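Enquirer: got a sequence here, can you model it:
(2 chains, ligands or ions: 1)
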Amino acid sequence: MDKQDKTDKKDKTVFETFIGLEIHIQLITQTKIFCGCRNSFGDPPNTNVCPVCMGYPGVLPVLNEEAVRKSYLMCLALNCTLSEKAVFDRKNYFYPDLPKNYQISQFEHPFGINGYVETTLPDGQAKRIRIHEAHLEEDAGKMIHEGAVSLCDFNRTGTPLLEIVTEPDFKSGEEVESFLQDFRRMIRYLGVSDGNMEEGSMRCDANISINYPGKGLGRKVEIKNLNSSRHVKLAIQHEEIRQAKMIRSGETIIQETRLWNEEKKRTESMRSKEDANDYRYFPEPDLPPFIPTASFIDEIRENLVELPHLRRKRFITEYNLPSETAEFLTDEKGRADFYESVCKEGTDPQTAASWVKGDVAKVLNREKMDITSSPLTAERLVSLLKILDEGKINGQTAKKVLDMIITENRDPVSIITEHSLEQLDNSDELSSIIDSVLAQSSAALEQIKSGDMKPVGFLIGQVMKLSGGKADPKKTKEMIMEKISAL
Amino acid sequence: MQKEELFVTASLARLELDEKEAEKLNEAVTGMIEYFSLMDKIDVDDLPPTTHAAAKVNRTRKDLPSDISLADKMVENAPEKEGRFITVPNVL
Ligand SMILES: [Zn+2]
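Expert: Numbers count the residues shown, from 1 in each chain, chains lettered A, B, ... in the order given. Sure thing, here's the model as predicted:
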């Protein structure tokens, strides 16, 4: 093959892509994994440190039981086989962000192996992603590089980190992007992590290889420095093209780690020495193995909530909702719980859905509030919708009252009473308002009498205005028609 | 031990070695490795590896913050610092 053939631009070979992910999630705990230092984000540098996490000689790490619980909860949600005996290992590497010169991790016997998780692809199809393993380890500190020196902050050193490794089951950047959104929703539902990629509480490395169709995995390249699911997608798409170009021009893909450059929208070689990856793992002698008993696992299993994709499916069938609405309602667990408690009190599911998705979301957004911590409890919304359903207030008023419930933190009944917002129906008051409107609208009346019904809407509007929005539009229309025909 | 292996090990430990130092260290390390090879001769086929001295398992602690903090003292004791940051030579 000559050079011309190798770089033939007409080469339309479609390569097969294989992508696997390594996802790190910071577990929500009060303290670090092996010591009593606080696990919190944003404190002044080196305030949450102690001799254990700073690697002083003679200290003894003791495992945080909450980190263990959250790890096992995640393993169960990922349908993993649990190791009969989980063992911690030392992973040796020399870098100032880990003062011990090794990271405590799990190598041969992680908490969970061989799991799977269901995800919904962008085209709506379900796909099963195999999980290679889930292991617990300690996070490293943060460094700021400033010319000749690096500034070290060890607050994050030793905070619990769960690493989930998938099999290379993804075929495209789009699949990975939508999976990461599903995955984030799942860990938030389980309450194991807040999954914030921008703040680094969920981090994702991707390994990607391409090959001629049917030839299996190619040589894989690892991509790091991916700070959002969108950037993971872009980096994968860039890498697919880069590798395809190389293969078409007869070059060999180098197995290496590349960094995503967010500004230049491309991956760049880290040029690290391959032999640097000799971690010389060995069992951590300071930490005894962990053997999960059946009763421990049963207890964890009780915290296994219905996962978002299953809840979404159930919402569609049980409440007869469009999939887009179901997706919105189940996006956050708090919102889905709220919706279901409203329905449980007998509110029509369609009505409840349109309020939660519509005006409730609008006011909460405006007030920058979360549904679980807002003054709008399920009871208050149920009570408001009941009053609306009984015709005591009209839709416009209900929206006003909803706004006041949230901004004034009050019950709908007390708001309606105080502002006397109850709807006027066939009361004398409504009747006299209509009379006075009709008395001032002779032109409109002439038009209606001659058979042109257009001004009826105008009259209703006038009545609404004069009643301060309290008139029942349906009743108003009936009474106007009655009065006109009696004229 | 091969000299190249020694240099690889040194670079993993971020140690700088010159030829003279390597010569000296090679001798010492070779001696140690020979000592390990003595142990390799012992028949351990039927013995499971001992990874932990005590037989205890599942040693955990409650997720409660400790109320004493040595953080200020530890920062104070750091050989080089900038504010509360501990500084090291930029190794990247
Ligand atoms: Zn500590």
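Enquirer: okay, now the unreliable bits of chain B?
Expert: Filtered on pLDDT under 70, chain B yields the residue ranges B:1, B:92.
Enquirer: now it against the ion: closest residue?
Expert: B:Ser66 (8.3 Å; C-beta to the ion). C-betas here are computed from N, CA, C, even on glycine.
Enquirer: show me what counts as buried in the lengthiest helix in chain A.
Expert: Longest helix in chain A, counting residues (DSSP state H): helix A:229-248. Buried residues in helix A:229-248, counted by 16 or more other C-beta atoms under 10 Å in any protein chain shown: A:229, A:231-240, A:242-244, A:247-248.
Enquirer: show me what that helix packs onto, helices and strands only.
Expert: Here helix A:229-248 touches strand A:16-26, helix A:173-190, strand A:202-211, strand A:221-224, strand A:257-261, strand A:266-269, going by 3 or more C-beta pairs under 8 Å, 6 or more residues apart in numbering or on different chains; DSSP states H and E.
Enquirer: what about dumping the CA coordinates of it to CSV?
Expert: The C-alpha trace of helix A:229-248 is given here as CSV (Å, rounded to 0.1, in the frame of the first residue of the first chain):
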residue,chain,number,x,y,z
SER,A,229,-21.4,14.8,31.1
ARG,A,230,-21.4,17.0,28.0
HIS,A,231,-17.7,17.2,28.0
VAL,A,232,-17.4,13.5,28.4
LYS,A,233,-19.5,13.2,25.2
LEU,A,234,-17.4,15.8,23.3
ALA,A,235,-14.2,14.2,24.3
ILE,A,236,-15.3,10.8,23.2
GLN,A,237,-16.5,12.1,19.9
HIS,A,238,-13.2,13.9,19.3
GLU,A,239,-11.3,10.8,20.3
GLU,A,240,-13.3,8.6,17.9
ILE,A,241,-12.3,10.9,15.0
ARG,A,242,-8.7,11.1,16.0
GLN,A,243,-8.3,7.4,16.3
ALA,A,244,-10.1,6.7,13.0
LYS,A,245,-7.8,9.1,11.2
MET,A,246,-4.8,7.4,12.7
ILE,A,247,-6.0,3.9,11.7
ARG,A,248,-6.9,5.0,8.2
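Enquirer: centre of the chain to it, how far?
Expert: Relative to the centre of its chain, helix A:229-248 is centred 25 Å away, using C-alpha atoms, centre = their mean, to the nearest Å.
Enquirer: what lies in contact with that helix?
Expert: With C-beta atoms under 8 Å, 6 or more residues apart in numbering or on different chains as the test, helix A:229-248 has contacts from A:6-8, A:11, A:13, A:15, A:17, A:19, A:172-174, A:176-177, A:180-181, A:184, A:197, A:204, A:206, A:208-210, A:218, A:221, A:223, A:226, A:252-253, A:258, A:260, A:262, A:265-267.
Enquirer: any idea how far the one residue in the stretch 351-487 of chain A that gets nearest to chain B lies from A:Ala336?
Expert: Per C-beta to the nearest C-beta, A:Thr372 is where the stretch 351-487 of chain A lies closest to chain B, at 22.5 Å. Distance check for A:Thr372 against A:Ala336: by C-beta to C-beta, to the nearest Å, it reads 11 Å.
Enquirer: cool, and A:Glu118?
Expert: 18 Å.
Enquirer: same check, this time on A:Thr347
Expert: For A:Thr347 relative to A:Ala336 (C-beta to C-beta), the value is 15 Å.
Enquirer: next one: A:Ile484
Expert: For A:Ile484, the distance to A:Ala336 (C-beta to C-beta) stands at 49 Å.
Enquirer: output the longest strand belonging to the chain.
Expert: The chain I'm using is chain A. strand A:126-138 (DSSP state E).
Enquirer: if you could check chain B rather than the one you did, that'd help
Expert: When chain B is parsed with DSSP E, its longest strand is strand B:85-89.
Enquirer: the helices in the stretch 51-200 of chain A, which residues?
Expert: Counting by DSSP state H, counting those that start in this stretch, the stretch 51-200 of chain A has helices at residues A:65-77, A:173-190.
Enquirer: redo these as a markdown table? Include mean pLDDT.
Expert: Shown next, in a markdown table, are the helices of the stretch 51-200 of chain A (pLDDT from 0 to 100):
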| stretch | mean pLDDT |
| --- | --- |
| helix A:65-77 | 98 |
| helix A:173-190 | 96 |
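Enquirer: which of those sits closest to chain B?
Expert: Across those, chain B has its closest neighbour in helix A:65-77 (3.6 Å, C-beta to the nearest C-beta).
Enquirer: next, the angle from the closest one to strand A:126-138.
Expert: Between helix A:65-77 and strand A:126-138, the angle comes out at 160 degrees (axes from the mean of the first three to the mean of the last three C-alpha atoms, to 10 degrees).
Enquirer: what about helix A:65-77, distance to the chain center?
Expert: In terms of C-alpha atoms, centre = their mean, the centre of helix A:65-77 is found 19 Å from the chain centre.
Enquirer: contacts (any at all) between chain B and it?
Expert: Yes. Judged by C-beta under 8 Å from any C-beta of the partner chain, helix A:65-77 and chain B are in contact via A:65-68.
Enquirer: how about the strands in chain B?
Expert: Ranges of strands in chain B, per DSSP E, are B:60-61, B:81-82, B:85-89.
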